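[1] Sequence and computational prediction follow.
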There are 2 protein chains.
Amino acid sequence: MNLTMIEAAAARMAGHIRRTPLLNAPLLDKAVGRRVFVKAECLQLTGSFKARGGWSAVSALDPEARARGVIAFSSGNHAQGVAYAAAQHGAPCVILMPADAPQVKIGNTRAYGAEVVLYDRRTEDRDAIGARLSADRGLTLIKPFDDAQVIAGQGTVGLELAEQAAEAGIARAPVITCCGGGGLASGIALALAARAPGLQVRTAEPAGFDDMARSLASGRRERNPTTAGSICDAILTPSPGELTFPILQRLAGPGAVVTDDEALRAMALAFTHLRIVLEPGGAVALAAALFGENLPDTVIAVATGGNVAPATFARALERFA
Amino acid sequence: MNLTMIEAAAARMAGHIRRTPLLNAPLLDKAVGRRVFVKAECLQLTGSFKARGGWSAVSALDPEARARGVIAFSSGNHAQGVAYAAAQHGAPCVILMPADAPQVKIGNTRAYGAEVVLYDRRTEDRDAIGARLSADRGLTLIKPFDDAQVIAGQGTVGLELAEQAAEAGIARAPVITCCGGGGLASGIALALAARAPGLQVRTAEPAGFDDMARSLASGRRERNPTTAGSICDAILTPSPGELTFPILQRLAGPGAVVTDDEALRAMALAFTHLRIVLEPGGAVALAAALFGENLPDTVIAVATGGNVAPATFARALERFA
């Protein structure tokens, strides 16, 4: 993994993946007592940064592999990112999803053009089904974070941030990033280390699912006891990636942890002051930027996604807006 | 009014006013059966395009006038746009607002640094109070739309659109624009006529408050019977402006009209597919782009603002998301 791969991913994405804006709001800064800049990846195609990693991975395949197609295991943003990228490349795409995934997510993934294969979480082995499909059809598996081309794709957020921070006159700041397996955080960290060394990545996770923060503290890959039980469902992963963790160990600051209520409050403040829609898992970094302690007077948060159920969003507004 | 004034306004805004993104969403296009691009002015500083006109007008004053200060009559987005621009220029700013305006709007306008002067709508004459304040302190009145520098500022949306449409490969399309007095629509129309003549402005208004559509049809400035009674409160004005109407008469297509429910549906679709927050009046053009008839296969809508009460937004989601 290096800057060259990220630059190559950016070149393959040019004209296809959106350069998302770096937003800020004077009244939000006033309310919170520091300058908070938000990289709005919720405005990315498919509603999350995952379209970058999907595009990078699909576009990096050799033409024969691409023509055979790709497969991903996901009921969330990764599914939509890969499905969209595959469709735009004319590549067949299979998404393996638990049969009890929300209908809207199944429907959206199909609408992006993917073939959705459902399995029973209790009785069927996802990996075995995936391996059989891959073998039968010659599909390439695109992992959600532990894949060099996926990390390179997510790292293009860092290239944009380096430019946008310079335009805004920001030389030094933490770049707080919502973190599941660490694909986005590690990609951004690599890009910033090369292009804007005054900007340092810090991961943010939901309380109780802070495997990355604990791993960064202990120096080895710690596991979460479970991957269910937070509203921040988009970023609940069992443990840091094999590829991502060493990068973050080398380049990231200590990890931040926020509560579900803090994520909902951040969603409400983003609604009021930035007029963007965030999902709970996509608001975790903003929550850390708004409510964290011992932060400098200028902070950047990556708002990673905006695919949220209307009822969840309405509840955040009712409680906190 | 001409392109040179708009270009000069853009030069004065550079580095201060946000270049807002032109968004689109593949699944929204699929659902509606045409390509819909959205110029997201809800992401502008202060949450609406009004920051452009405010900046343009304040920055165009000679230094002595600016030092004496500015005044505006508004309880809405124009108030916040002018207040923000004045504060950034170090200019005193008085905003005259009805005493029964929502507390949050009064509070926000004060938070931007303005002095808010409240008056009683039933017993006091706004214009007389404004005239006295202006005379006493030498304040310059900044009108919401019938002011050449304000129109020039709003017209910078058109300069950006011309570039962004070219980048997206759009040579011909209607540019549907939410319309109150016509400041934004006329500014955009002037910019596009010079820079992207294949893009033609069409105004969009709430049903029952379609003074511009009727005026464009009749060839003279028609009036609305009232300026209250639609949830699209940001764009309820008595009649087209003296400066704006001749420009639109010359350059705009026929005006579109949408119902309040269509505006709410557009807000819900913008939430789901674009992850942006729109206020009802800011969603009128998108509603026309989504639900209008006899439109070509590519349409651009200007989403003008996102300052909406949480309860109104939650209601739109509950009913239509």
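    Yes, it's here.

[2] Which helix or strand lies directly C-terminal to the helix or strand harbouring A:V36?
    Counting by DSSP states H and E, the element that carries A:V36 is strand A:35-40. Note on strand A:35-40: by DSSP H and E, the next helix or strand toward the C-terminus is helix A:50-60.

[3] for chain A, what's the longest strand?
    Determined from DSSP state E, the single longest strand within chain A is strand A:199-206.

[4] Alpha carbons of that strand, as CSV, please.
    Output for strand A:199-206, consisting of C-alpha atoms alone and laid out as CSV, is shown next (Å, rounded to 0.1, in the frame of the first residue of the first chain):
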residue,chain,number,x,y,z
LEU,A,199,-3.3,16.5,9.3
GLN,A,200,-3.4,13.3,11.4
VAL,A,201,-6.1,10.7,11.2
ARG,A,202,-7.9,9.7,14.4
THR,A,203,-10.5,6.9,14.3
ALA,A,204,-14.0,7.2,15.9
GLU,A,205,-16.1,4.3,16.9
PRO,A,206,-19.3,3.6,18.8
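
[5] quick one: buried residues of the helix or strand immediately after that strand in the chain?
    Moving toward the C-terminus from strand A:199-206, the next helix or strand (DSSP H and E) is helix A:211-218. By neighbour count, and taking 16 or more other CB atoms under 10 Å in any protein chain shown as the criterion, the buried residues in helix A:211-218 are A:211-216. C-beta coordinates here come from the backbone N, C-alpha and C atoms, glycine included.

[6] for those residues, which one is nearest chain B?
    A:M212 (25.1 Å; CB to the nearest CB).

[7] That closest one: what's it in contact with?
    A:179, A:182, A:185, A:203, A:205, A:240, A:245, A:248, A:255 (CB atoms under 8 Å, 6 or more residues apart in numbering or on different chains).

[8] how close does the fourth one sit to A:T177?
    Relative to A:T177, A:T203 is positioned 6 Å away (CB to CB, to the nearest Å).

[9] Overlap in contacts, these two.
    The contact sets of A:T203 and A:T177 overlap at A:A185 (CB under 8 Å, 6+ apart).

[10] my guess is A:L45 contacts B:A25, does it?
    Yes - taking CB atoms under 8 Å as the contact criterion, A:L45 and B:A25 are neighbours in contact, 7.5 Å apart.

[11] wait, does the helix or strand bottoming out on mean pLDDT in chain A contact chain B?
    Of the helices and strands making up chain A, the lowest-confidence element is helix A:103-111, at a mean of 91, by mean pLDDT, DSSP states H and E. Yes - Helix A:103-111 is in contact with chain B by CB under 8 Å from any CB of the partner chain, via A:108, A:111.

[12] Which residues of chain A lie near chain B?
    A:18, A:20-21, A:23, A:25-27, A:30, A:40, A:42-43, A:45, A:47, A:84, A:108, A:111-112, A:268, A:271-272, A:274-278, A:306-307, A:310-311, A:313-314, A:317-318, A:321.

[13] Quick check on the residues you listed: which are buried?
    A:18, A:20-21, A:23, A:25-27, A:40, A:42-43, A:45, A:47, A:84, A:108, A:111-112, A:268, A:271-272, A:274-278, A:306-307, A:310, A:313-314, A:317, A:321.

[14] how much space is there between the residue in the stretch 151-300 of chain A positioned nearest to chain B and A:M212?
    Shortest the stretch 151-300 of chain A-to-chain B distance, computed as CB to the nearest CB: residue-wise this is A:R275, at 3.3 Å. A:R275 sits 30 Å away from A:M212, taking CB to CB as the criterion.

[15] what does A:A311 give?
    Shown here: A:A311 relative to A:M212, a distance of 29 Å by CB to CB.

[16] from the stretch 101-250 of chain A, which residue is nearest to chain B?
    Taking CB to the nearest CB as the measure, the point where the stretch 101-250 of chain A comes nearest chain B is A:A111, at 5.2 Å.

[17] Just to check, that residue is in contact with B:A25?
    No - when contacts are counted by CB under 8 Å, A:A111 is not listed as touching B:A25 (10.8 Å).

[18] still on that earlier bit, format the contacts of A:M212 as CSV; extra columns: pLDDT and neighbour count.
    Conversion of the contacts of A:M212 to CSV gives the following (pLDDT from 0 to 100; neighbours: other CB atoms under 10 Å in any protein chain shown):
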residue, pLDDT, neighbour count
A:C179, 96, 35
A:G182, 97, 31
A:A185, 98, 36
A:T203, 98, 33
A:E205, 97, 28
A:P240, 96, 32
A:F245, 98, 24
A:L248, 98, 26
A:G255, 97, 25
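
[19] Show me what the biggest helix by length in chain A is packed up against.
    Longest among the helix segments of chain A by residue count, using DSSP state H, is helix A:148-167. Contact here means 3 or more CB pairs under 8 Å, 6 or more residues apart in numbering or on different chains; DSSP states H and E; on that basis helix A:148-167 packs against helix A:3-13, strand A:22-23, strand A:35-40, helix A:50-60, strand A:173-178, helix A:183-195, strand A:199-206, strand A:298-303.

[20] Provide the strand pairings for the second one, with the direction of each partner.
    This points to strand A:22-23. As defined by DSSP bridges, the strand partners of strand A:22-23 come to strand A:35-40 (antiparallel).

[21] now swap in the last one and tell me
    For strand A:298-303, the paired strands and their directions (DSSP bridges) are strand A:35-40 (parallel), strand A:173-178 (parallel).

[22] Pick the most buried one from those strands.
    Mean neighbour counts were compared across these using mean count of other CB atoms under 10 Å in any protein chain shown; the top stretch is strand A:173-178, at a mean of 29.

[23] CA atoms only for that strand - export them in CSV, please.
    Taking C-alpha atoms only, strand A:173-178 is exported to CSV below (Å, rounded to 0.1, in the frame of the first residue of the first chain):
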residue,chain,number,x,y,z
ALA,A,173,-5.7,19.4,12.5
PRO,A,174,-6.9,16.0,13.5
VAL,A,175,-8.9,14.3,10.8
ILE,A,176,-11.5,12.2,12.7
THR,A,177,-12.8,9.4,10.7
CYS,A,178,-15.7,7.0,11.3
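
[24] Residues in contact with that strand: which ones?
    Applying CB under 8 Å, 6+ apart, the external contacts of strand A:173-178 come out as A:37, A:158, A:161, A:165, A:184-185, A:188, A:192, A:198-205, A:234-235, A:253, A:256, A:281-286, A:288-289, A:292, A:295-296, A:298-305.

[25] Mark which of these are buried, thanks.
    Of those, these count as buried by 16+ other CB under 10 Å: A:37, A:158, A:161, A:165, A:184-185, A:188, A:192, A:199-205, A:234-235, A:256, A:281-286, A:288-289, A:292, A:295, A:298-305.

[26] coming back round to it: which of the residues in the helix or strand just after the least confident helix or strand of chain A are buried?
    Sequence-wise, the next helix or strand beyond helix A:103-111 is strand A:115-119, with elements assigned using DSSP H and E. Of the residues in strand A:115-119, those buried by neighbour count under the rule 16+ other CB under 10 Å are A:116-119.

[27] Output stretch A:56-69 in CSV with nothing but the alpha carbons.
    Taking Å, rounded to 0.1, in the frame of the first residue of the first chain, the C-alpha atoms of stretch A:56-69 are listed here in CSV:
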residue,chain,number,x,y,z
SER,A,56,-11.2,1.4,-7.3
ALA,A,57,-11.5,-2.4,-6.9
VAL,A,58,-13.6,-3.0,-10.0
SER,A,59,-11.7,-0.7,-12.2
ALA,A,60,-8.4,-2.3,-11.2
LEU,A,61,-9.4,-5.8,-12.3
ASP,A,62,-8.0,-7.1,-15.6
PRO,A,63,-10.6,-7.1,-18.3
GLU,A,64,-11.2,-10.9,-18.3
ALA,A,65,-11.8,-10.9,-14.5
ARG,A,66,-14.1,-7.9,-14.8
ALA,A,67,-16.1,-9.6,-17.5
ARG,A,68,-16.6,-12.7,-15.3
GLY,A,69,-17.8,-10.4,-12.5
